[in-house]
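Novice: no letters, just coordinates:
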């Protein structure tokens, strides 16, 4: 990532911020926010982070990198547009002086540039999504400490260059996490946790607060009730995010309705 031509402001994603609040202490959250601002403005992190704080920052970094790239691409487009306008004006003036006003000056063609698309995901964004899935998987199987287990798993295989014990490259980190589970003590997962993980994964929702707020599911007379330990101030936002998940769960559990309850 280039350190020049950086934004003069840091955009903090609300979804990530709410998730980080559910994982870190207020002091830890403050250090991660300072690290995020430092990273956006200068490309460096001048704050010493603990291991859980570093994991949270690593998971939010792809969003920061995406904003930085968009800003830099916009600067490049603006510079190219300004240069093209200058060249057209200069070419139009010199041509008029040379052949007179009766001749329509031929404008200099505007240089064509291939637009940058965001269809291809960057390595940082891919790593953030993979860590989210690994975190969600360990949560879904009832890990004693999701952050510690995710950290141990990631550091172990990163040290091996993402190769297994036989030296073969690990292509699917989620599959590797399933194998890793056998090495750790896990408690009984909450009822419906694996189904909740599957629909979250398919929907691409990266919100750790929704993991942490999930309190299990139980069948009622004609529906399944999903218990969510959600603070009142962001309950409506949670319901909005989970709306289409409930439809998928209703199909999965073959019930007419799935409801969110306190």
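Specialist: All right, it came through fine. This structure is a prediction, so every number in the text was calculated from the model and none was measured.
Novice: could you use CA atoms for every contact and neighbour count after this?
Specialist: Fine.
Novice: tell me where this protein has strands.
Specialist: 214-219, 223-228, 257-261 (DSSP state E).
Novice: okay, residue 74 and residue 165: tell me how far apart.
Specialist: Distance check for residue 74 against residue 165: by C-alpha to C-alpha, to the nearest Å, it reads 45 Å.
Novice: same check, this time on residue 27
Specialist: 39 Å.
Novice: hmm, who's touching stretch 145-159?
Specialist: Stretch 145-159 has contacts (C-alpha atoms under 8 Å, 6 or more residues apart in numbering) with 51-52, 55, 131, 134-135, 138-139, 143, 163-164, 177, 180.
Novice: returning to what we had before: residue 74 and residue 165: which is more packed in?
Specialist: The residue with more neighbours, out of residue 74 and residue 165, is residue 74; 12 against 9, by other C-alpha atoms under 10 Å.
Novice: any idea how this structure splits into domains?
Specialist: For the chain, the structural domains run 1-103, 123-189, 190-262, going by automatic domain parsing.
Novice: going along the chain, name the helices of this structure.
Specialist: Taking DSSP state H, the helices of the chain run over residues 14-23, 26-42, 51-99, 123-140, 146-159, 173-180, 193-203, 208-213, 235-253.
Novice: I'd like these as JSON lines, with distance to residue 259 and mean pLDDT appended.
Specialist: Converted to JSON lines, those look like this (distance: least, C-alpha to C-alpha, whole Å; pLDDT from 0 to 100):
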{"stretch": "helix 14-23", "distance to residue 259": "22", "mean pLDDT": "73"}
{"stretch": "helix 26-42", "distance to residue 259": "31", "mean pLDDT": "84"}
{"stretch": "helix 51-99", "distance to residue 259": "30", "mean pLDDT": "70"}
{"stretch": "helix 123-140", "distance to residue 259": "20", "mean pLDDT": "81"}
{"stretch": "helix 146-159", "distance to residue 259": "26", "mean pLDDT": "86"}
{"stretch": "helix 173-180", "distance to residue 259": "29", "mean pLDDT": "85"}
{"stretch": "helix 193-203", "distance to residue 259": "13", "mean pLDDT": "83"}
{"stretch": "helix 208-213", "distance to residue 259": "14", "mean pLDDT": "76"}
{"stretch": "helix 235-253", "distance to residue 259": "7", "mean pLDDT": "78"}
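Novice: do you know which of those helices lies nearest residue 221?
Specialist: Residue 221 lies closest to helix 235-253 among the helices of the chain, at 13.4 Å (C-alpha to C-alpha).
Novice: any buried residues in the closest one, and which?
Specialist: With burial defined by 16 or more other C-alpha atoms under 10 Å, the residues of helix 235-253 counted as buried are 238, 239, 242, 245, 246, 247, 248, 249, 250.
Novice: farthest pair within the residues you listed?
Specialist: Within the buried residues of helix 235-253, 238 and 250 form the most distant pair, 17.7 Å apart (C-alpha to C-alpha).
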